[in-house]
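**Student:** just a sequence and a predicted model for now, questions to come.
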Amino acid sequence: MIGFYDYTVVLTYLSMLSATTGIVLCLNDIGHPYLGMFFLMFCGLCDAFDGKVARTKKDRTDQMKRFGVQIDSLSDLVAFGLLPACIGIAMLRSSIEFSIFPDFKFLHLADKSATIKVILTAIAVLYALAAMIRLAYFNVLEEERQKKEGGENKMFVGLPVTSAALVFPTILLVHIFSSADLTLLYFMFLAIVGALFVSSVQIKKPSTKHILIMILIGLMEALALAWVFVVMKKQ
C-alpha cells in the first residue's frame with residue numbers, strides 16, 4: 001500500500017476527512033452551512049499542530065518530509081479553499097428563519113435573482129482558485145528558500161489560507177445572533193480574503209503564543225455555535 005501512515009500524518013488526514021465531511025453536509029439537500037463551520041474550525045485546529053507533530057519525529061526520511069508537504073497543501077486546498085466556498089454556496093441556497101429565538105429552521109431562499117446567484121457563485125469559484133494559486137506559489141518559494149537558507153520560514157507572502165478557519169466562522173456567528181441575512185457579506189469576505197491570498201503583502205509568521213490565542217478564539221467560536229445549536233435549541 002502506497003503512502004505513509006505513521007503519527008506524523010494523522011492530523012493532516014483528519015483535516016482532510018473533516019473538510020470532505022463538511023463539504024458533503026453543505027451540499028446535501030438544503031445545505032447546512034452552520035454545521036459545516038464546525039468542520040472548518042476543526043481543520044484549523046489540526047493545521048495548527050500538524051507541522052509541530054511531524055517535526056517531533058527525528059528520523060523522517062526526505063521522502064517522508066516531501067510527502068508531508070504535499071499532503072498538507074492538498075488538504076489545505078480542500079479545507080480552506082473548497083470548504084469555505086461550499087459553505088457560501090450553502091448560504092446562497094438556504095438561510096435560517098427565526099420565529100421565537102432560538103427556535104429556528106432552515107428554509108430555501110428564492111429572493112435572490114439569477115444574476116446575483118451567478119456572480120456570487122463566480123466569487124466562490126475564484127476564491128477556491130486563489131487558494132490553490134497561493135498554496136502552489138508558497139510551496140515553490142519555500143522549496144527555493146530551503147535550498148538557500150534552510151530552517152523555518154519567518155514571513156508569509158500573501159495571507160495564509162488557514163486564516164479562513166477564523167474569518168468565516170465569525171461571520172456565521174454574527175449571522176446567527178443578529179438574525180440577519182449576511183449572505184452578501186460572507187461573499188464579500190470571500191472576495192477580499194481570496195484577493196489577499198494572491199497579494200504580495202508580507203505577514204510575519206505567528207509565534208506559538210499567537211497560535212494559541214487564535215486557537216482559543218476558535219474554541220470560543222465553536223462553543224458559541226454549539227450553544228446556539230444544542231443548548232438554546234432545547235430551551
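**Tutor:** In hand now; what should we look at?

**Student:** where does the protein dip in pLDDT?
**Tutor:** Applying pLDDT under 70 to the chain flags residues 30-31, 94-112, 145-153, 179-180, 228-235.

**Student:** so what's residue 161 up against?
**Tutor:** Counting by C-beta atoms under 8 Å, 6 or more residues apart in numbering, residue 161 touches 76-77, 80-81, 131, 134-135, 197. In short, each C-beta sits where N, CA and C put it, glycine included.

**Student:** for it, which non-adjacent residue is spatially closest?
**Tutor:** By the measure of C-beta to C-beta, 6 or more residues apart in numbering, the closest residue to residue 161 outside its immediate chain neighbours is residue 80, 4.1 Å from it.

**Student:** what do you get for residue 7?
**Tutor:** In space, residue 7 is closest to residue 53, 6.9 Å off (C-beta to C-beta, 6+ apart).

**Student:** residues near the one you found, how many?
**Tutor:** Residues contacting residue 53 under the criterion other C-beta atoms under 10 Å number 15.

**Student:** kindly report the same for residue 38.
**Tutor:** Based on other C-beta under 10 Å, the number of other residues close to residue 38 is 20.

**Student:** is it in contact with residue 225, as I believe?
**Tutor:** Yes - in terms of C-beta atoms under 8 Å, residue 38 counts as a neighbour of residue 225; the distance is 6.6 Å.

**Student:** tell me where this structure has strands.
**Tutor:** Across the chain, reading from the start of the chain, the strands by DSSP state E fall at 94-98, 104-108, 155-157, 202-204.

**Student:** what's the third one in contact with?
**Tutor:** Contacts of strand 155-157 from elsewhere in the structure, counted by C-beta under 8 Å, 6+ apart, are 137-138, 141, 200-205.

**Student:** which of these are buried?
**Tutor:** Buried positions within these, assessed by neighbour count (16 or more other C-beta atoms under 10 Å), are residue 138.

**Student:** the longest helix in the chain is where?
**Tutor:** The residue-count maximum for a helix in the chain (DSSP state H) belongs to helix 114-148.

**Student:** ok so, going back, the residue nearest to residue 161: neighbour count?
**Tutor:** Residue 80 has 31 nearby residues by other C-beta under 10 Å.

**Student:** list the contacts of it.
**Tutor:** The contact partners of residue 80, by C-beta under 8 Å, 6+ apart, come to 40, 43-44, 47, 131, 161-165.

**Student:** from those residues, which land in helices?
**Tutor:** Secondary-structure check on the contacts of residue 80 using DSSP H: residues within helices are 40, 43-44, 47, 131, 164-165.
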